[in-house]
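Asker: here is a sequence with its predicted model. Questions after.
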There are 2 protein chains.
Amino acid sequence: MANENKMEFVILGLLSHTPMTGYDMKKIMDTTMSLFWSGSYGSIYPTLQRLRDNESIVSNETTENGRDKIIYSITDKGRDRLQQWLKKPVIKDELRYETMLKLFFGNEIGEEDTLKHIQEFEDKMKRILPDLKSSVDILNGDVTEPTHEYYMLTALFGVKMYEASIEWCEFVKKYFEGKQVK
Amino acid sequence: MANENKMEFVILGLLSHTPMTGYDMKKIMDTTMSLFWSGSYGSIYPTLQRLRDNESIVSNETTENGRDKIIYSITDKGRDRLQQWLKKPVIKDELRYETMLKLFFGNEIGEEDTLKHIQEFEDKMKRILPDLKSSVDILNGDVTEPTHEYYMLTALFGVKMYEASIEWCEFVKKYFEGKQVK
DNA sequence: TGGCTCATGTAATCTGTTACATGATTCT
DNA sequence: AGAATCATGTAACAGATTACATGAGCCA
């Protein structure tokens, strides 16, 4: 019942950085924030309307490069609500890894098929890790935007998680290899 | 539309280990599997009925210690379905950390309040880590159950994640301290 | 006796995704 | 010309949680 509508605060948070469109928000969620958050248009646009209705944000219709867009900005009321939420204790940090689920039940299909999931997991992280690392490096030297420090720390968290995950994958592979030899 | 009802496979997976009640399943999800999965009675019990209807599992009503319970077992058909799913590629590994969200927007409330979340995050992991480590140790020496190997590897993943997270927390704290001094 | 755990279940509700519709502009 | 991207939006559906109801046994 603690009706904490997260999407509301994600939007308010993004608008606390700078005014933008719903489309822009989706892009940020798909890139910068994808490590720890996600969202679809089907939840972004209705939430924008709700936030506008309760005066947490205001909208501004403009045309840029011949494209109609609605640029949203946060109001004082919205900033207040955001800050209040930010100061509240965290309710839930959730990890939902299908890979771990399939590993947990791996005995049912055996090591070979299970290792395919582990390898895919490792490959995925190795693909993302370089970009994540370079983000950290770029943001680290950047003192123009105070928000970038916070962004850098979340990216660094990603780097640490992915590095630890990759190490774990290597261990799992060796573990199963060792068993094979026996 | 790739209607992958995960809860079905979680239940089939648990029953592939051993027969048990819905209540038992919930307990395992709250403990052993909580690292990478969760579920409520409101999704467990209806799914059990569906799985029984399509003959993936069978139920057995008994009384133990004067308590009525319904013990479910997996059928050959259910095991087939489970194996087919386990062999399919993983669709989604998702991390949803409110702590990272609040850190990402931390500029809005400043370092002091943000650090409270980081500290809480670290404390939580430091509370869980010892149990997780001892699970790994216990399972590591245990060769009685072949499923325990897979369980051990998921627990080890937890250990690696938590250790890396704690290190990251220490870094974040030092990072902000360093800024303070400047 | 009272509170906790064992045990099963449902109704209301929420939250979110998917898939589609629409149409303009930019890139190749 | 055609594909991809920019940009907004909705309807249908999926999936899950919360809160409640019920009742028995165990422990202090």
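Answerer: The structure has been received and is ready for your questions.
Asker: can you pull the residues of chain A lying near DNA strand D?
Answerer: A:1-2, A:21-24, A:27, A:41-42, A:45-46, A:48-49, A:64-65, A:67-71 (C-beta under 7 Å from any atom of the strand). Yep, even glycine has a C-beta here, placed from its N, CA and C like the rest.
Asker: just the ones of those in helices?
Answerer: Secondary structure assignment by DSSP state H places A:22, A:23, A:24, A:27, A:41, A:42, A:45, A:46, A:48, A:49 of these in helices.
Asker: show me how to select, in ChimeraX, the buried members of these.
Answerer: ChimeraX command restricting these to the buried ones, with burial defined by 16 or more other C-beta atoms under 10 Å in any protein chain shown:
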select /A:22,48
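Asker: how far away is the closest residue to DNA strand C within chain A from residue B:106?
Answerer: Per C-beta to the nearest atom of the strand, residue A:42 is where chain A lies closest to DNA strand C, at 2.4 Å. Distance, residue A:42 to residue B:106, by C-beta to C-beta, to the nearest Å: 28 Å.
Asker: swap in residue A:99?
Answerer: Residue A:99 sits 30 Å away from residue B:106, going by C-beta to C-beta.
Asker: low pLDDT regions in chain A?
Answerer: Residues of chain A meeting the criterion pLDDT under 70: A:1-3, A:180-182.
Asker: longest helix of it?
Answerer: Longest helix in chain A, counting by DSSP H: helix A:147-181.
Asker: got a list of contacts for the helix or strand harbouring residue A:7?
Answerer: Secondary structure assignment for residue A:7, by DSSP states H and E: helix A:6-17. The contact list for helix A:6-17, computed with C-beta atoms under 8 Å, 6 or more residues apart in numbering or on different chains, reads A:20, A:24-25, A:28-29, A:33, A:37, A:39, A:43-44, A:47-48, A:50-51, A:56-57, A:72-74, A:78-79, A:81-82, A:85-86, A:147, B:98, B:101, B:104-105, B:107-108.
Asker: try it again at 7 Å.
Answerer: A:20, A:25, A:28, A:37, A:39, A:43-44, A:47-48, A:51, A:56-57, A:72-74, A:78-79, A:81-82, A:85, A:147, B:101, B:104-105, B:108 (C-beta atoms under 7 Å, 6 or more residues apart in numbering or on different chains).
Asker: go through these and flag which are in strands.
Answerer: Those of the contacts of helix A:6-17 mapping onto strands are A:57, A:72, A:73, A:74, per DSSP state E.
Asker: mark which of the residues you listed are buried, thanks.
Answerer: So, of these, A:57, A:72, A:74 end up buried under the neighbour-count rule (16+ other C-beta under 10 Å).
Asker: distance to residue B:12 for those residues - can I get that in a markdown table?
Answerer: Shown next, in a markdown table, are those (distance: C-beta to C-beta, whole Å):
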| residue | distance to residue B:12 |
| --- | --- |
| A:57 | 45 |
| A:72 | 45 |
| A:74 | 47 |
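Asker: which of these come close to chain B?
Answerer: Among those, no residue sits close to chain B (C-beta under 7 Å from any C-beta of the partner chain).
Asker: let me know the closest of those residues to chain B.
Answerer: residue A:74 (9.8 Å; C-beta to the nearest C-beta).
Asker: which of the ones in strands among the contacts of helix A:6-17 sit farthest apart?
Answerer: By the measure C-beta to C-beta, A:72 and A:74 form the most distant pair in these, at 7.8 Å.
Asker: hey, what's in contact with both of these two?
Answerer: Contacts common to residue A:72 and residue A:74, judged by C-beta under 7 Å, 6+ apart, are A:15, A:57.
Asker: next up, the contacts around residue A:158.
Answerer: So residue A:158 contacts A:35, A:132 (C-beta under 7 Å, 6+ apart).
Asker: can you list contacts of stretch A:38-56?
Answerer: For stretch A:38-56, contacts defined as C-beta under 7 Å, 6+ apart pick out A:7-8, A:10-12, A:22, A:25-26, A:29, A:57-59, A:72, A:75, A:77-78, A:81.
Asker: same thing but at 6 Å, please
Answerer: Contacts with stretch A:38-56, where a contact means C-beta atoms under 6 Å, 6 or more residues apart in numbering or on different chains, come from A:7-8, A:11, A:22, A:25-26, A:29, A:57, A:59, A:75, A:77-78, A:81.
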